[in-house]
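**Q** fold the following and give me the result.
(one chain, ligands or ions: 1)
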Amino acid sequence: MAKGNMQKVLVAGSTGYLGRFVTEEFKRQGYWVRALARNPKKLEKVGPFLEPTVKDQIDEIFLGEVTKPETLRGLCDGIDIVFSSIGITRQRDKVGFMEVDYQGNKNILDLALRASVKQFIFVSAFQADLLKHIAMVKAREKLVEGLSRSGLNYTVIRPTGYFSDMTEFLKMAISGRVYLVGDGEKKINPIHGADLAKVCVTAVAKQQHQIPTGGPVTYTHAEVAELAFSVLGKTPKITRLPTWLVNPAVEMIRPFSKHYYTLAKFFTVAMQLNFDAPKTGTHTLKEFYEEIAPQFVKKPH
Ligand SMILES: NC(=O)c1ccc[n+]([C@@H]2O[C@H](COP(=O)([O-])OP(=O)(O)OC[C@H]3O[C@@H](n4cnc5c(N)ncnc54)[C@H](OP(=O)(O)O)[C@@H]3O)[C@@H](O)[C@H]2O)c1
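**A** Numbers count the residues shown, from 1 in each chain. Below you'll find the model as predicted:
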């Protein structure tokens, strides 16, 4: 149970890549942690991108499903700070981005307002203004609008790409060839979940509504591809796909799968932009690739 003036935090998204690191970081910094989970078994295992087991870092597990408000009663009661990284990435549920990334998080926000939570920390995307035509970003930015009108102290963390997503380059390198969109010279400083978690936790009590952030090293996409090959000890084989070819090709996915279309659109549009955010953290992509490559070579995701 919480002692004295210990701050109480709700982590929504605790079973995911970022949520696990955030759970761990809140606990490390002395918070009492309630974790929302629909599948708590996940909390007992290491994640697919080597994110930590967090069951022992959690004071209370709240079983619930963000898309079913009737399962969330009491979720924010007694809570000072809500953190949410809930959203669709690789999940294959039959629900869309508006239902999860927006409405799911809105259900939590409504409960936070009723429970007099002091701060809501939400994760959206870096340079969202340039990505708002993509369903995933549109849904998250709709929640950001709701937060800004709510009267609650809120913070939107705006990260570049996570190391978990940078495994896409590694997977391509494992299969023999990396395909880049455009000339490969666009830049990104991706961030490790542990470094991003520190940004999320230190956002507590700040009056900063927007925190754009990325990792300590900026690479071009071609450099990321070369790094992946070098970690695998392979000669780089890189194909640069012209944008006039990629953009219409992605549109062709649309009639077949809204889900894959949105994900492909997000990644291909993002690869045509520079994602070079204010730098933080210590983890390098090289170390992460070296750590995760053996398990990917064995069994690519
Ligand atoms: N990845 C990036 O490069 C990047 C960059 C910028 C911003 N972001 C944003 O950051 C967020 C978190 O990323 P992440 O990599 O930590 O994602 P993740 O590993 O997929 O975790 C997402 C969390 O949301 C929950 N969730 C997803 N669909 C759900 C549903 N239908 N009902 C209930 N819960 C659901 C997951 O629960 P389960 O474990 O039960 O599925 C999980 O706890 C994303 O939504 C994304 O918009 C990501």
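
**Q** which residue would be the closest one in the stretch 51-200 of the chain to the ligand?
**A** Closest contact between the stretch 51-200 of the chain and the ligand, by Cβ to the nearest ligand atom, is at G87 (2.1 Å). For the C-beta atoms, the positions are set from N, CA and C on the backbone; glycine is no exception.

**Q** ok, now which ones touch that residue?
**A** 13, 97, 100-101, 105, 123, 136, 140 (Cβ atoms under 8 Å, 6 or more residues apart in numbering).

**Q** can you rerun that using 6 Å?
**A** Each residue near G87 by Cβ atoms under 6 Å, 6 or more residues apart in numbering is listed here: D101.

**Q** in three-state terms, how would it be classified?
**A** coil (DSSP: H, G, I helix; E, B strand; the rest coil).

**Q** what's near enough to touch the closest residue to A35 other than its chain neighbours?
**A** Once flanking residues are discounted, A35 sits nearest to S14: 3.7 Å by Cβ to Cβ, 6 or more residues apart in numbering. S14 is in contact with 23, 35, 37, counting by Cβ under 6 Å, 6+ apart.

**Q** where's S14 relative to V22, distance?
**A** Applying Cβ to Cβ, to the nearest Å, the value for S14 to V22 is 8 Å.

**Q** tell me what the helix or strand where L180 lies is packed against?
**A** If you go by DSSP states H and E, L180 is part of strand 178-181. Counting by 3 or more Cβ pairs under 6 Å, 6 or more residues apart in numbering; DSSP states H and E, the packing neighbours recorded for strand 178-181 are strand 238-241.

**Q** adjacent strands (with direction) for the strand it packs on?
**A** In the sheet, strand 238-241 lines up against strand 178-181 (parallel) (DSSP bridges).

**Q** check whether the very next helix or strand once past the partner strand contacts the ligand.
**A** Sequence order places strand 187-188 as the next helix or strand after strand 178-181, per DSSP H and E. No. Contact between strand 187-188 and the ligand is absent, the nearest approach being 9.8 Å (criterion: Cβ under 6 Å from any ligand atom).

**Q** residues making contact with strand 187-188?
**A** Under Cβ under 6 Å, 6+ apart, the answer for strand 187-188 is 160-161, 218, 220, 274-276.

**Q** just the strands in the stretch 51-200 of the chain please.
**A** For the stretch 51-200 of the chain, the strands defined by DSSP state E, counting those that start in this stretch occupy 60-63, 81-84, 119-123, 153-159, 178-181, 187-188.

**Q** quick one: contacts for I238?
**A** Contacts for I238 were tallied using Cβ under 6 Å, 6+ apart; they are 178, 225.

**Q** kindly report the same for E70.
**A** Counted by Cβ under 6 Å, 6+ apart, E70 has zero contacts.

**Q** adjust the sequence numbering to begin at 33 for everything that follows.
**A** Got it, the first residue is 33 from now on, which makes the last one we talked about E102.

**Q** can you tell me how far it sits from D125?
**A** 17 Å.

**Q** what of L42?
**A** From L42 to D125 the distance is 21 Å (Cβ to Cβ).

**Q** more neighbours: which of these two?
**A** Neighbour totals were compared for L42 and D125, and L42 leads with 28 against 12 (other Cβ atoms under 10 Å).

**Q** each with direction, which strands does the helix or strand harbouring the more buried one pair with?
**A** Taking DSSP H and E as the criterion, L42 maps to strand 40-44. Strand pairing for strand 40-44, using DSSP bridges, gives strand 64-69 (parallel), strand 113-116 (parallel).

**Q** now what about it, what contacts it?
**A** For strand 40-44, contacts defined as Cβ under 6 Å, 6+ apart pick out 34, 51, 54-55, 58, 63-68, 110-116, 118, 140.

**Q** hey, where'd the helices end up in this protein?
**A** In the chain, the helices defined using DSSP state H lie at 49-60, 129, 137-146, 167-182, 195-206, 225-234, 253-264, 275-283, 290-302, 317-330.
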